[in-house]
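[1] Build the 3D model from these lines:
(2 chains)
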Amino acid sequence: MKTIYEKPQVFTDAITTYCGGCGHGIVGKLIAELIDELKLQENGILVWPIGCSCLSDRYYDMDNFMALHGRAPASATGIKRADPSKFVLCYQGDGDMVSEGMAEIMHAAIRSEKFSVIFINNAIYGMTGGQMAPTTMLGQVASTAPYGRETLNSGYPVQMAELMATMPGVVYSERVTVTSPANVAKCKKALKKAFELQLEGKGLSFVEVLSPCPTGWKMAATKSLDYIDEVLTQVYPLGVKKDASKEEN
Amino acid sequence: MNLVKINFDRCKECGYCIKFCPKGCLSKGDKINKRGYFPPVFAAENCIACGSCARMCPDTAISVYKDVE
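    Down below sits the predicted model:
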């Protein structure tokens, strides 16, 4: 008998608090697989944000830290500077990173902090009930934008992967998604690259994941994947935005 | 024979495994779990143990084994 897939060893038996079909679950699982593969369980510290993923410390049998709203990069900075031998992963959603904690992530990039950042972009505030986020697309209906987002009052969606690619302190920036087994494999590859760059002591590595939020978008889970492929990727194109890993720093 | 093992109580019925199974081995179930969802049922006939269902499952409810006796 050959095992093709089993629950990663670092995962506990706790059932996640995510809704059915949530992209957090898929990305969280990839993180757990990579922690097992790269043997980071003993030496890693995961920094969690406020949002749907704020109870993630229950799911991983390793060191976890839950930061204040938007301040995960600041907390991760402290942890990484106190002990640079640790692997530090900073995980944030779009409401947490782009709205509440924009200053923290920008300054972490400016200082070229040596940790990895995973940014989950579902174009909405998931946990609080589907309100408009800075990443909400123009025309997208949210509970605080019942007629769709318009530029007059709400401005334009923020493209974080492109923004981070312009920062000299960022060594790697890529946007991926999790809408099919092939895209999940690409997402895992991007995360692995980001993790390895941190282990090599390079600058900040950034991976943005376009993630489905079926409850917030008021769609069936399988429809939400099509929505990402057809609509979200038009505003947020996939691909590597910056790769300075080969350059001398 | 290949085996797709579904952890009955972890499943949240998102349907990703059914959507991405290339051989149509998974279908909607009719038994309810303790959280109120209907986990899918597995038929082994055409399974090629590709693992697509397990890789897409957001709740890590699926394990896949090849050549089970």
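
[2] Spatially nearest residue to the most centrally placed residue in chain A, not counting backbone neighbours?
    Centroid check for chain A by C-alpha atoms, centre = their mean gives A:Phe119 as the closest residue, at 2.4 Å. Sequence neighbours aside, A:Glu208 is the residue nearest to A:Phe119 in space, at 4.5 Å (criterion: C-beta to C-beta, 6 or more residues apart in numbering or on different chains). Glycine gets a C-beta too; all of them are placed from N, C-alpha and C.

[3] Could you confirm that neighbour falls within a strand?
    Yes. Under DSSP: H, G, I helix; E, B strand; the rest coil, A:Glu208 falls within a strand.

[4] Please report the distance of it from chain B.
    18 Å (C-beta to the nearest C-beta, to the nearest Å).

[5] That residue: what's it in contact with?
    Taking C-beta atoms under 8 Å, 6 or more residues apart in numbering or on different chains, we find A:Glu208 in contact with A:Phe119, A:Asn121, A:Met160, A:Ala161, A:Ser173, A:Glu174, A:Arg175, A:Val176, A:Tyr236.

[6] which residues sit against the helix or strand harbouring the residue nearest to the centre of chain A?
    Element membership for A:Phe119, per DSSP states H and E: strand A:116-121. Strand A:116-121 is contacted from outside by A:23-24, A:27, A:31, A:53, A:73, A:88-94, A:97, A:105, A:108, A:135, A:160-161, A:191, A:194-195, A:197-198, A:204-211, A:236, using C-beta under 8 Å, 6+ apart.

[7] Filter the residues you listed down to just the ones in helices.
    When DSSP state H defines the helices, the subset of the contacts of strand A:116-121 inside them is A:23-24, A:27, A:31, A:73, A:94, A:105, A:108, A:160-161, A:191, A:194-195, A:197-198.

[8] sorry, back to before: so which bits of the strand holding A:Phe119 are buried?
    By neighbour count on 16 or more other C-beta atoms under 10 Å in any protein chain shown, the buried set for strand A:116-121 is A:Ser116, A:Val117, A:Ile118, A:Phe119, A:Ile120, A:Asn121.

[9] What is the burial count for the closest residue in space to A:Pro73 that isn't next to it in sequence?
    Of all residues not flanking A:Pro73 in the chain, A:Ala108 sits nearest, at 3.8 Å (C-beta to C-beta, 6+ apart). Residue crowding around A:Ala108 was assessed by other C-beta atoms under 10 Å in any protein chain shown; the count is 25.

[10] if I look at A:Ala108, how far off is A:Ile79?
    Per C-beta to C-beta, to the nearest Å, A:Ala108 is found 12 Å from A:Ile79.

[11] quick one, what contacts A:Asn122?
    Contacts of A:Asn122 (C-beta under 8 Å, 6+ apart): A:Gly23, A:Gly93, A:Asp94, A:Thr135, A:Leu210, A:Ser211, A:Pro212, A:Cys213, A:Gly216.

[12] Same list (those residues) but as TSV, adding neighbour count.
    Below are the contacts of A:Asn122 laid out as TSV (neighbours: other C-beta atoms under 10 Å in any protein chain shown):
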residue	neighbour count
A:Gly23	28
A:Gly93	30
A:Asp94	26
A:Thr135	27
A:Leu210	26
A:Ser211	29
A:Pro212	31
A:Cys213	30
A:Gly216	24
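
[13] Out of those, which comes closest to A:Leu68?
    For those, the minimum distance to A:Leu68 (C-beta to C-beta) is 14.2 Å, reached by A:Gly93.

[14] Tell me which residues of stretch A:158-175 come out buried.
    A:158-161, A:163-165, A:167, A:169-175.

[15] Tell me the gap between it and the middle of its chain.
    Remark: stretch A:158-175 is offset 13 Å from the chain centroid, using C-alpha atoms, centre = their mean, to the nearest Å.
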